[in-house]
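A.B. asks: Quick one: sequence plus predicted model below, questions after.
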Amino acid sequence: MRARLASVEITPRRFELAALAALIALSLIVLTGAAVRLTDSGLGCPDWPRCYGHIYPPLRTHSVIEFGNRAVGALVGVVTVLALLLAWRRRPFRRDLFRLALALPLGVVAQAVLGGYTVEEKLAPGLVMAHFALSMLILVAAVALYWRAREGADPERRSSDRLAVWAVRGLAPLGAIVIVAGTATTASGPHSGGGVGQTIKRLTFDGSNTLNFAVHLHGALAFAFGCAAVLVWVLLERRRADRPLRLAVACLCALLALQGAVGAIQYDTHLPTELVEVHVALATMTWLCVLWAVAAAGRLEPRAKASAAQIRRSVAAPGG
């Protein structure tokens, strides 16, 4: 049996599907984690890794929701380990894919440890924010793995349009800042993650005005992010960038517009749980779209090679 398993070879197409499955799983766990917080189930199991000292939760709504998220996390861990094993058996073997695949289960383990510490610290806002931020970092590795594993993809593709590439790359840190500001807004809002009677720490750096300050700061940063995305899209259109790259940035602009509308509605309706969950889902999709755009922009050609190519084009041009 061991010899049979050792002889199994994974085709590039099969590994591409495995990488996609890992990406989807790591995206869905973000939504189940948000559901735990928004249903006030963050301390449904006040200890970790057990629940009230048992390997199964009591039949209480909050406990079942919190333990369910842990179970989903374990399943996601299995998916990422499977992706790692398939990366090892992929033929032809690629070291870059194996390294990226290795980052996924390591990230899931780090999430589990951080999640347990967050529960032990009674959902301290800084730890909850770090928990979400770590999910976004793991998605960076997951998107990179899937992008580079795609059948027929050229991982070494280079671009000579430095302005376009750096403009797209600049959207990533701006998007990350907006996400961090969003987690701070949630950490200072009504959705503490704890149930009735449970004392949960909230962000109060500006006293009773903390939530109002965080909401407006997050809104201003998101608006700046949206404007930057539109400007990058216009730049790419004028420079006739590759169609996949223009499509990625166009989708990003559409998602940001939708996200802005949802954010305005949820603010006017005093942050209902359902809309906050939609907001988190859209934030995750927006981050994935940013990563898609950065991947589509490709890597830059070395300056010397780009200059040589430009000289050759000039010489070959009529009248050159």
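C.D. replies: Right, received. Where do you want to start?
A.B. asks: name the helices or strands packed onto the host helix or strand of Tyr117?
C.D. replies: Assigned by DSSP states H and E, Tyr117 falls within helix 95-120. Judged by 3 or more CB pairs under 8 Å, 6 or more residues apart in numbering; DSSP states H and E, helix 95-120 is in contact with helix 12-38, helix 61-89, helix 125-149. For the C-beta atoms, the positions are set from N, CA and C on the backbone; glycine is no exception.
A.B. asks: quick one: the longest one to chain centroid distance?
C.D. replies: In this view, helix 61-89 has its centroid 16 Å away from the chain centroid, taken as CA atoms, centre = their mean, to the nearest Å.
A.B. asks: Need the per-residue pLDDT for the residue nearest in space to the middle of the chain.
C.D. replies: Residue closest to the mean C-alpha point of the chain, counted by CA atoms, centre = their mean, is Met136 at 3.4 Å. pLDDT for Met136: 95.
A.B. asks: you'd agree it is up against Thr286?
C.D. replies: No - Met136 lies out of contact with Thr286 (CB atoms under 8 Å); the separation is 10.5 Å.
A.B. asks: By neighbour count, which bits of stretch 167-180 are buried? Give me those.
C.D. replies: Using 16 or more other CB atoms under 10 Å as the test for burial, stretch 167-180 gives 167-168, 171, 174-176, 178-180.
A.B. asks: what's the closest of the residues you listed to Phe205?
C.D. replies: Among these, Val180 lies closest to Phe205 (CB to CB), at 14.1 Å.
A.B. asks: Now the residue nearest to the centre of the chain: closest residue in space, sequence neighbours ignored.
C.D. replies: Take Met136 and drop its neighbours on the chain: the residue closest to it by CB to CB, 6 or more residues apart in numbering is Trp287, 5.6 Å away.
A.B. asks: Next, the buried residues of stretch 92-112.
C.D. replies: 94, 97, 100-105, 107-108, 111-112.
A.B. asks: Could you export those as JSON lines, including pLDDT?
C.D. replies: Converted to JSON lines, these look like this (pLDDT from 0 to 100):
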{"residue": "Arg94", "pLDDT": "93"}
{"residue": "Leu97", "pLDDT": "95"}
{"residue": "Leu100", "pLDDT": "96"}
{"residue": "Ala101", "pLDDT": "97"}
{"residue": "Leu102", "pLDDT": "97"}
{"residue": "Ala103", "pLDDT": "97"}
{"residue": "Leu104", "pLDDT": "97"}
{"residue": "Pro105", "pLDDT": "96"}
{"residue": "Gly107", "pLDDT": "95"}
{"residue": "Val108", "pLDDT": "95"}
{"residue": "Gln111", "pLDDT": "92"}
{"residue": "Ala112", "pLDDT": "89"}
